[in-house]
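>>> how would this look folded up:
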Amino acid sequence: MTSTPQESWGFLHPECHGRNALVFFSWDLARTIEQHFKLHAQSSVAIQLYEAQKAVDRLLKQYVQIQANPSAFEGQTIELHLEQDGSDNPVLSLKTSPQLEALILDAQKEAQASGRLN
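Take a look at the predicted model:
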């Protein structure tokens, strides 16, 4: 079975609710960040970061709007930052609100243990 690019977004999946929504969100988050850095590759790093942050904010709002897991997503934040590694290369870091981070990590562990994640 083939899927269109739009169907591959986790928030569009029929099982995107409850604990499942946290795993779908982590996939969508990675995809969102990657897409926006590629889309704005010709822009300055500051613009790339700004556009990716806007997209992450929209993604989080999307999960709140569809009520995928209200207690997990409502009032939570994810902030993107660029930090320097040991070689002075910029490295993207995410500052996720502690509650959301803990829930995502727990859901990923559960999914791995049940064999739903590779």
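
>>> On the pLDDT front, check residue 82 for me.
According to the prediction, residue 82 has pLDDT 89.

>>> What of residue 59?
Per-residue confidence at residue 59 stands at 98 (pLDDT).

>>> I'd guessed it sits against residue 31; true?
No. Residue 59 is not in contact with residue 31 according to Cβ atoms under 8 Å; the separation is 9.1 Å. Every residue, glycine included, has its C-beta placed from N, CA and C.

>>> neighbour count winner among the two?
Just comparing residue 59 and residue 31: by other Cβ atoms under 10 Å the higher neighbour count belongs to residue 59, 21 against 15.

>>> what does stretch 103-118 contact?
The contact list for stretch 103-118, computed with Cβ atoms under 8 Å, 6 or more residues apart in numbering, reads 19, 20, 22, 23, 25, 26, 69, 72, 96.

>>> Report how many residues lie close to the fourth one.
Just to be clear, that refers to residue 23. Using other Cβ under 10 Å, residue 23 is surrounded by 20 other residues.

>>> where's it, which helix or strand?
helix 19-39 (DSSP states H and E).

>>> so what does that helix touch, helix or strand wise?
Under the contact definition 3 or more Cβ pairs under 8 Å, 6 or more residues apart in numbering; DSSP states H and E, helix 19-39 sits against helix 45-65, helix 70-73, helix 98-113.

>>> buried sites along that helix?
20-26, 28-29, 32-33, 36-37 (16 or more other Cβ atoms under 10 Å).
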